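Chemist: fold the following and give me the result.
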Amino acid sequence: MSQPQAFQDIAENLSFLDDWEDRLNYVIELGQALPQIDETDKTAENKVKGCVSNVWLVSDVDRASGTPVMSFKGQSDAIITKGLVAVLIALYSDRPATEIAETDAIEWFRKLGLSEHLGMQRSNGLVAMVNRIRSEGKALS
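Modeler: Residues are numbered from 1 along each chain as shown. All right, here's what the predicted structure looks like:
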């Protein structure tokens, strides 16, 4: 199963960055480029439980093709976490719900060298975001 082009571009860009500081700065830039979500989307329902910082994930389902295809938008009030949200959106958006349910972003973060320097709280928050997205995908599969 191939990954979306946006995620492939991120993976390729990260492959050129050997230094953790450079990788972290790139993730921060991704977060800064993330479009703001509407204030009306910052609800308790959209807030990700298990994150120390405030994180909101909003999903949308397109059923036009008969197979539910999900897209996501998100926001965080923490700059690094916002970058992690941007990477997750690139990995999971515009994919069938069954693929979303099967895609382990934590493994992809390991492959990209993004997880080894995250602290315990950020790692737990990342797992909470991934679990939330994948559970939404499973519910539609």
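Chemist: so residue 28 is in which element?
Modeler: helix 20-33 (DSSP states H and E).
Chemist: for that helix, which residues meet the burial criterion?
Modeler: 23, 24, 26, 27, 28, 30, 31 (16 or more other CB atoms under 10 Å). Placement of C-beta: from N, CA and C, glycine included.
Chemist: what's the very next helix or strand once past that helix in contact with?
Modeler: Per DSSP H and E, helix 20-33 leads on to strand 55-62 as the next helix or strand towards the C-terminus. Contacts to strand 55-62, defined as CB atoms under 8 Å, 6 or more residues apart in numbering, come from residues 37, 41-43, 46-48, 68-76, 81, 85, 97, 125, 129, 132-133, 136, 140.
Chemist: returning to that earlier point: ok now the helix holding residue 28, how far from the chain's centre?
Modeler: Remark: helix 20-33 is offset 14 Å from the chain centroid, using CA atoms, centre = their mean, to the nearest Å.
Chemist: packing partners for that helix?
Modeler: helix 5-15, helix 79-92 (3 or more CB pairs under 8 Å, 6 or more residues apart in numbering; DSSP states H and E).
Chemist: which of the ones you listed is buried the deepest?
Modeler: With neighbours defined as mean count of other CB atoms under 10 Å, those peak in mean count at helix 79-92, which reaches a mean of 23.
Chemist: who does that one touch, helix- and strand-wise?
Modeler: helix 5-15, helix 20-33, strand 55-62, strand 69-76, helix 105-111, helix 120-140.
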